[in-house]
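Engineer: quick one: sequence plus predicted model below, questions after.
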Amino acid sequence: DSGVTQTPKHLITATGQRVTLRCSPRSGDLSVYWYQQSLDQGLQFLIQYYNGEERAKGNILERFSAQQFPDLHSELNLSSLELGDSALYFCASSVAGSHEQYFGPGTRLTVT
Amino acid sequence: GIQVEQSPPDLILQEGANSTLRCNFSDSVNNLQWFHQNPWGQLINLFYIPSGTKQNGRLSATTVATERYSLLYISSSQTTDSGVYFCAVEGGYGGSQGNLIFGKGTKLSVKP
């Protein structure tokens, strides 16, 4: 158990819908990262937050957005879902001053 | 951007055999991590090893940063070692560091 929690574990929804994925980092970790794992693209970085502020952006679509709240949990919002958004979405966290990232169990999103 | 290449892409072993997995990266990196993704999809931290050698039980890893490669050794393999092994290095999106760039992984199958 990495100490990073993600909910829900599984999510099945229809095209065009909007979903919210939630992540709670390890106690004391200020950085939160979101990654997407799909069969064709592999594991890709989406976005990073540090203590509530956006720190870096990767290959995140405009239909996707994220935020980190004062209690340091983070949410990834996916809207206007397409079939190709079906993937495993991971959240990771790291403590300030360390680059080692610990990953949550992931949320498996299926868009039908 | 930094390229990460892992070899071999697939590996089949008999239980008890040893193996070496390789990760090459295209540029200097500050950080490198090895992960094991088990059949249930969980990403488990194996090593945080930007340089040098570390050992944890039957697993060990060596990173030679100046030559841009890392090796993961698995000795006396067990069926529970099956899964996909990922190497990830720290990239530099948007001028900020911290996000990981993953290789495509080595899929390991250990047969009883």
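Structural biologist: Perfect, I can see it now.
Engineer: hang on, A:S38 packs against A:L83?
Structural biologist: No - applying Cβ atoms under 8 Å, one finds A:S38 not in contact with A:L83, separated by 11.1 Å. Every C-beta, even on glycine, is put in place using the N, C-alpha and C of the backbone.
Engineer: ok, the two, which is more surrounded?
Structural biologist: Using other Cβ atoms under 10 Å in any protein chain shown as the criterion, A:S38 and A:L83 rank with A:S38 on top: 15 against 9.
Engineer: starting from chain B, give me the distance back to A:L72.
Structural biologist: Counting by Cβ to the nearest Cβ, to the nearest Å, the gap from A:L72 to chain B is 16 Å.
Engineer: list, one by one, the residues from chain A near chain B.
Structural biologist: Chain A has residues A:2, A:31, A:33, A:35, A:42-45, A:48, A:55-58, A:88, A:90, A:92, A:94, A:99-103, A:105-106, A:108 near chain B, with proximity defined as Cβ under 8 Å from any Cβ of the partner chain.
Engineer: just the buried ones among these, please.
Structural biologist: Listed as buried from the residues of chain A next to chain B are A:2, A:31, A:33, A:35, A:43-45, A:48, A:55-56, A:58, A:88, A:90, A:92, A:94, A:99, A:101-103, A:105-106, A:108; burial here means 16 or more other Cβ atoms under 10 Å in any protein chain shown.
Engineer: and chain B, which of its residues are near chain A?
Structural biologist: Contacts of chain B with chain A, taken as Cβ under 8 Å from any Cβ, map to B:30-31, B:33, B:35, B:41-45, B:48, B:50, B:86, B:88, B:90-91, B:93-94, B:96-102, B:104-105.
Engineer: what do you get if the cut-off is 10 Å, keeping everything else the same?
Structural biologist: B:29-33, B:35, B:37, B:40-45, B:47-50, B:84, B:86, B:88, B:90-105 (Cβ under 10 Å from any Cβ of the partner chain).
Engineer: so which of these sit within strands?
Structural biologist: Among these, the members falling in strands (DSSP state E) are B:32-33, B:35, B:37, B:43-45, B:47-48, B:84, B:86, B:88, B:90, B:100-102.
Engineer: phi and psi next, for the residue nearest to B:A65 when sequence neighbours are not counted.
Structural biologist: Distances taken as Cβ to Cβ, 6 or more residues apart in numbering or on different chains place B:S51 nearest to B:A65, at 4.6 Å, with adjacent residues excluded. Phi and psi for B:S51, reported as degrees, to the nearest 10, are phi -160, psi 160.
Engineer: number of residues surrounding B:S51?
Structural biologist: Using other Cβ under 10 Å, B:S51 has 14 neighbouring residues.
Engineer: pull the contacting residues for it.
Structural biologist: Listed by Cβ atoms under 10 Å, 6 or more residues apart in numbering or on different chains, the contact set of B:S51 reads B:29-32, B:62-66, B:70.
Engineer: closest one of the residues you listed to A:Q68?
Structural biologist: Set against A:Q68, the nearest of the contacts of B:S51 by Cβ to Cβ is B:N31 (21.6 Å).
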